[in-house]
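# The following block contains a protein sequence and its predicted model.
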Amino acid sequence: LAENADLLVCESTYLESEAVDARKNGHLTAKQAADIAKKSNAELLILTHFSQRYLSIKEFVTEAKEIVGNVIAMKDGDFVDLPKRK
């Protein structure tokens, strides 16, 4: 579904340290979202839908950037410019 996407929006409710909770509750970690982006060759990964247990969403970007380079995190109501299609 995400193959060669210009932009992939993916929920990442948890960090990898809470992977058990993520699986139990039917959510993804930032690492899992990055794995999807890498395998699908997505140009830009946007992480969203974070658990309220985290005070900062910067950790999500840090975790995902270990796998893919072009990552941003957005909260509900944030806007992003869509990348120009190649």
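Yes, it's here.
# Now the phi/psi pair for Glu18, please.
When read as degrees, to the nearest 10, the backbone of Glu18 gives phi -110, psi 30.
# Tell me which residues touch the spatially closest residue to it that is not a sequence neighbour, please.
Once flanking residues are discounted, Glu18 sits nearest to Thr29: 7.1 Å by CB to CB, 6 or more residues apart in numbering. Quick note: C-beta positions are derived from backbone N, CA and C, even for glycine. Neighbour list for Thr29: Ser12, Thr13, Tyr14, Leu15, Glu16, Glu18, Ala19, Ala22, Glu63 [criterion: CB atoms under 8 Å, 6 or more residues apart in numbering].
# and stretch 11-21, how far apart are its ends?
By CA to CA, to the nearest Å, the extent of stretch 11-21 from end to end equals 14 Å.
# Any buried residues in it, and which?
Ser12, Thr13, Tyr14, Leu15, Glu16, Glu18 (16 or more other CB atoms under 10 Å).
# didn't the first one look like it was pressed against Phe60?
Spelled out, it's Ser12. Yes - Ser12 sits in contact with Phe60 when judged by CB atoms under 8 Å, with a separation of 5.5 Å.
# Low-confidence regions, this structure specifically.
Scanning the chain for pLDDT under 70 picks out 86.
# Number of residues surrounding Ile72?
Residues near Ile72, counting by other CB atoms under 10 Å, number 16.
# Oops, could you answer that again for Leu55 instead?
Quick note: Leu55 (other CB under 10 Å) scores 7 neighbours.
# and it, what element?
Assigned by DSSP states H and E, Leu55 belongs to neither a helix nor a strand.
# in this structure, which residue is closest to the centre?
Centroid check for the chain by CA atoms, centre = their mean gives Leu47 as the closest residue, at 3.0 Å.
# Give the bridge partners for that one, please.
Cys10, Ala73 (DSSP bridges).
# Figure out the length between the terminal residues of stretch 16-30.
7 Å.
# Tell me how far that stretch lies from the chain's centre.
Distance, stretch centre to chain centre, for stretch 16-30: 13 Å (CA atoms, centre = their mean, to the nearest Å).
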